[in-house]
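*Asks:* output the structure for:
(one chain, ligands or ions: 1)
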Amino acid sequence: MKFFIMFLTLALIQALVFLNVDAINSNLFREYIGAEFKNVKFSDVPINKNTNFHFILSFAIDYTTSSTPSPANGKFNVFWDSGNLSPIQVLSIKKSHPKVKVALSLGGDTVGNKFAYFKPSSVDGWVSNAVSSLTGIIKMYHLDGIDIDYEHFKADSSTFAECIGRLIMTLKKNNVISFASIAPFDDDQVQHHYMALWKRFGHLIDYVNFQFYAYDRQTNVSQFLRYFETQMSNYEGGKILVSFTSAAGGGLSPENGFFTACKMLKRRKQLHGIFIWSADDSKSKGFKYEKQSQALLAKSH
Ligand SMILES: *[C@@H]1O[C@H](CO)[C@@H](O)[C@H](O)[C@H]1NC(C)=O
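*Replies:* Purely as a prediction, here's the structure:
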């Protein structure tokens, strides 16, 4: 009997190991928050208790906080609306919603109305500064993970891969974070950098927040599904999350069939989660599509 149970257990473990990660739906919902200083709070956003919910604070940037911010070689500062999204508010939303986790995103498009560049002076210096400054911020704010969203580069792809890979590896090893994601989009330079990172450190990256809203405004369902396939091959073995924007922007909008595409992916067991840019933009619209996204994810995933 003992041997039989052991055999069954081993068979079960083996079955789990061989399940392809590409073929599992998930109930993960993520939303960027805090970049636009529109007074949005965690508690404004509807949270479905049957989803796993990640807020992603936008952004921490390794730039100085002077009136003309300049690159600071891995020394990160808080650039999100920390008045409304403070350490106490992080604790409070996590306490009232046990499945909520909060991450911070690195980089972003602009800082002080200029592009925010990834611009390390040296790999060792950048990694060491980033580990210590981010560890401080993550602990102070009670955060759980990081997202990588550099969009402009003054360093080559192998330097980017080395810096970011070593940063994620160290923060995970030190138990400072439990998950990490990347946020690439369809642009040659951006993809070149993120795919170099994926090739070397993809095993440390839990989710790919692919910015599908950076595609053309007129994207339709069949194009969207084709783009999804392309990104599945670019980030092989990755959990590619689908996305739309509630700001003025491109991609496949809810009005043009975003949720139709999600249901098709769900039938194929490829719906690893949905994320939205951003809570700041959704606030004036009543978070209608946040509710719809989470209802779809929560329904017997
Ligand atoms: C989607 O857009 C492409 C390119 O514009 C077009 O060729 C295709 O017919 C469209 N598909 C549908 C279902 O509208």
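
*Asks:* so His142 makes contact with Lys95?
*Replies:* No: with contact defined as CB atoms under 8 Å, His142 does not count as touching Lys95 (10.1 Å). C-betas here are computed from N, CA, C, even on glycine.

*Asks:* so the two - more neighbours on which side?
*Replies:* His142 (13 against 9; other CB atoms under 10 Å).

*Asks:* residues contacting the closest residue to Ala279 other than its chain neighbours?
*Replies:* Setting aside the residues directly before and after it, Ala279 is nearest to Ile33 in space (CB to CB, 6 or more residues apart in numbering), at 4.0 Å. Listed by CB atoms under 8 Å, 6 or more residues apart in numbering, the contact partners of Ile33 are 40, 42, 45, 55-58, 80, 85, 278-280.

*Asks:* Ala248: how many residues sit nearby?
*Replies:* 7.

*Asks:* could you measure from it over to Asp281?
*Replies:* With the distance defined as CB to CB, to the nearest Å, Ala248 ends up 8 Å from Asp281.

*Asks:* likewise Ser222?
*Replies:* 27 Å.

*Asks:* what residues does the stretch 151-300 of the chain have near the ligand?
*Replies:* Neighbours of the ligand within the stretch 151-300 of the chain, by CB under 6 Å from any ligand atom: 220, 222-223.

*Asks:* Gln223: neighbouring residues, count only.
*Replies:* If you count neighbours by other CB under 10 Å, Gln223 ends up with 15.

*Asks:* which intervals of the stretch 1-150 of the chain have sub-threshold pLDDT?
*Replies:* For the stretch 1-150 of the chain, the stretches flagged by pLDDT under 70 are 1-23.

*Asks:* rewinding a little: so which of the contacts of Ile33 are in strands?
*Replies:* Among the contacts of Ile33, the ones falling in strands (DSSP state E) are 55-58.

*Asks:* want to throw those into a markdown table with distance to Gly273?
*Replies:* Converted to a markdown table, the ones in strands among the contacts of Ile33 look like this (distance: CB to CB, whole Å):
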| residue | distance to Gly273 |
| --- | --- |
| Phe55 | 14 |
| Ile56 | 12 |
| Leu57 | 18 |
| Ser58 | 18 |
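
*Asks:* reformat these as a markdown table; add distance to the ligand.
*Replies:* Below are the ones in strands among the contacts of Ile33 laid out as a markdown table (distance: CB to the nearest ligand atom, whole Å):
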| residue | distance to the ligand |
| --- | --- |
| Phe55 | 34 |
| Ile56 | 30 |
| Leu57 | 36 |
| Ser58 | 31 |
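
*Asks:* quick one: which two of those are the most distant?
*Replies:* Phe55 and Ser58 (9.7 Å; CB to CB).

*Asks:* ok, Ala261 - contacts?
*Replies:* 221, 224-225, 228, 242, 252 are the contacts of Ala261 under CB under 8 Å, 6+ apart.

*Asks:* and those residues, which is closest to the ligand?
*Replies:* Taking CB to the nearest ligand atom as the measure, the ligand sits nearest to Val221 out of the contacts of Ala261, at 6.5 Å.

*Asks:* so the closest one sits against Ser253, correct?
*Replies:* No: using CB under 8 Å as the test, Val221 is too far from Ser253 to be in contact (11.1 Å).

*Asks:* nearest to the ligand: which residue in the stretch 1-150 of the chain?
*Replies:* For the stretch 1-150 of the chain, CB to the nearest ligand atom, closest residue to the ligand: Asn25, 24.2 Å.
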